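J.: model the structure of this input:
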Amino acid sequence: MLTKDEPIIMEFVENLFISEDSTIRQAMEKLDETARRILLIAPHGKLKAVLTDGDIRRYLVRNGNIEDSVKNIATFNPKYVTIENRNTAKSIMKKHAIVAVPLVDERGVVQSIIFADDEEIIKETHLDLPVVINAGGFGTRLYPYTKILPKPLIPIGETPILSLIMENFTRYGAHDFYVIVNHKKNLIKAFYADEPSSNTIHFVDEQTPLGTGGGLSLLKGKIEGTFFFSNCDILINADYSSIYRQHKKDNNIITMVCAVKRVVIPYGVVNMSTNGHIDSFSEKPEFSFLTNTGLYVVEPEVIENLKEGESISFPEIMEQYRNAGRNVGVYPVSEKAWMDMGQLEELENMRKRLESSE
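T.: Next comes the predicted model:
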């Protein structure tokens, strides 16, 4: 039975329940909706298994199918605490590096979920890392907006996209930003010269277009540690500290943040055999795949190894390291966690999504 001091009420706990027959895609959607990193399989309220965002991420990196059942990856011998031992919850979370533990009664029925308190979470997830934002593009896909404004200053609601990107990182303790600018760079500089901010913004002038990766060569000698590298037309709603930890754990030189994308073909698809007969027929088939969001975690040697003045895309840089046998990893996020304003239609979708979340 719940007490008045319980940190999570039963109604909210039930929102974190999921059936073991649910798909991984459905679990990702539920994690997005609840803004928590854990789900419980608890038939009739009795704890059976735990599923975390980390379980899903590791499964997708191993090329697991997003339509597979969550029972393939859930932990069926989860950590938990009983009501009489609830004071051990924090030590269990610390010992096993988990973000929450279920609290159960003598029958194993879930009474609540005990999370690490906000103060501890903030302390553990504080990121004092530099962030590089590539804001030097011409924004041709957003014409005619970019005839007047540079893409980084295009407002989403009342706030420029560049400011929204920095706000996302600031929530995790990042305050040191390097912004690579080229097209209409004086407008960008003038805007932030008049805009009060607790962040430190270094503008890096790109005299000639150097591609999505070549501009990093302008930062030689300026960044000495691991950094985030972001396009200036995306928003990623994810745990940046978790992305960083996974990058370090896997000993990657680059980690690409990828979103699970689901595409429905709105037609019946026919597969033909070699003799011209129908081999198979699928009505409105669905396909799922990982797509590059434009957010990365990068080691500083990538900057130092670039040739000065060379125009090169960042995917080309990644391919060079991959061919050299270096670790280039992937951190999957859900499709809902990624917003892109690279085209006019996507710009409007981003505005609507942000307005609906306010």
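
J.: so the residue nearest to the spatial centre of the chain, which state does it fall into?
T.: Centrality entry for the chain: nearest residue to the mean C-alpha point is A238, 3.8 Å, by C-alpha atoms, centre = their mean. Following DSSP: H, G, I helix; E, B strand; the rest coil, we place A238 in the coil state.

J.: which pLDDT value goes with it?
T.: On the pLDDT scale, A238 is placed at 84.

J.: roughly how far does P209 sit from L149?
T.: Distance of P209 to L149, given as C-beta to C-beta, to the nearest Å: 19 Å. Bear in mind the C-beta positions are built from the backbone N, C-alpha and C, glycine included.

J.: the nearest residue to T52 once chain neighbours are set aside: neighbour count?
T.: Of all residues not flanking T52 in the chain, I38 sits nearest, at 5.3 Å (C-beta to C-beta, 6 or more residues apart in numbering). Other residues near I38 number 21, with proximity taken as other C-beta atoms under 10 Å.

J.: now do the contacts for the residue nearest to the centre of the chain.
T.: V257, V333, A337 (C-beta atoms under 8 Å, 6 or more residues apart in numbering).

J.: can you list those residues in TSV and add secondary structure, distance to P315 and pLDDT?
T.: As requested, the contacts of A238 are exported to TSV (DSSP: H, G, I helix; E, B strand; the rest coil; distance: C-beta to C-beta, whole Å; pLDDT from 0 to 100):
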residue	secondary structure	distance to P315	pLDDT
V257	strand	13	96
V333	strand	18	88
A337	helix	21	85
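
J.: just the buried ones out of those residues, please.
T.: V257, V333, A337 (16 or more other C-beta atoms under 10 Å).

J.: list just the nearest of those to D55.
T.: Nearest to D55, judged by C-beta to C-beta, of these is V333 at 14.2 Å.

J.: how near is that closest one to M28?
T.: Taking C-beta to C-beta, one finds V333 at 9 Å from M28.

J.: which neighbours do those two have in common?
T.: By the contact definition C-beta under 8 Å, 6+ apart, V333 and M28 are jointly contacted by V260.

J.: select the longest strand from this protein.
T.: Ranked by residue count under DSSP state E, the longest strand found in the chain is strand 286-298.

J.: so what's the gap between it and the chain middle?
T.: On the basis of C-alpha atoms, centre = their mean, to the nearest Å, strand 286-298 sits 9 Å off its chain's mean C-alpha point.

J.: that one pairs with which strands, and in what direction?
T.: Within its sheet, and counting by DSSP bridges, strand 286-298 is paired with strand 227-231 (antiparallel), strand 254-264 (antiparallel).

J.: most packed of the ones you listed?
T.: Stretch with highest mean neighbour count among the strands paired with strand 286-298: strand 227-231 (a mean of 25; mean count of other C-beta atoms under 10 Å).

J.: quick revisit: comparing P209 and L149, which residue is more hemmed in?
T.: Between P209 and L149, counted using other C-beta under 10 Å, L149 has the larger neighbour count: 17 against 14.

J.: need phi/psi at the more buried one.
T.: Per-residue torsions, L149: phi -120, psi 150 (degrees, to the nearest 10).

J.: likewise for the one 3 residues further on?
T.: P152 adopts backbone torsions of phi -60, psi -20, taken as degrees, to the nearest 10.

J.: and the pLDDT for it?
T.: 87.

J.: contacting residues around it?
T.: I133, A135, P160, I161, L162, V179, V181, I188, C232 are the contacts of P152 under C-beta under 8 Å, 6+ apart.

J.: swap in P43?
T.: With contacts defined as C-beta under 8 Å, 6+ apart, the neighbours of P43 are S19, E20.

J.: now it: how far from T52?
T.: P43 is 19 Å from T52, by C-beta to C-beta.

J.: ditto for T200
T.: Taking C-beta to C-beta as the measure, T200 and T52 are separated by 35 Å.

J.: okay, these two: which has more neighbours?
T.: Under the neighbour definition other C-beta under 10 Å, T200 and T52 were set side by side, and T52 has more, 21 against 10.

J.: so this protein: which segments form each domain?
T.: The chain breaks down by automatic domain parsing into domains covering 10-122, 126-357.

J.: picking up where we left off before, average pLDDT for the longest strand of the chain?
T.: According to the model, strand 286-298 has a mean pLDDT of 91.

J.: touching the very next helix or strand once past it from outside, list them.
T.: For strand 286-298, the following helix or strand on the C-terminal side (DSSP states H and E) is helix 301-304. With contacts defined as C-beta under 8 Å, 6+ apart, helix 301-304 is touched by L216, S217, L219, K220, I223, I253, I254, I317, Y321.

J.: how about 7 Å then?
T.: L216, S217, L219, K220, I223, I253, I254, I317 (C-beta atoms under 7 Å, 6 or more residues apart in numbering).

J.: per-residue confidence at the residue nearest to the third one when sequence neighbours are not counted?
T.: So that's L219. Of all residues not flanking L219 in the chain, I303 sits nearest, at 5.2 Å (C-beta to C-beta, 6+ apart). On pLDDT, I303 comes in at 97.
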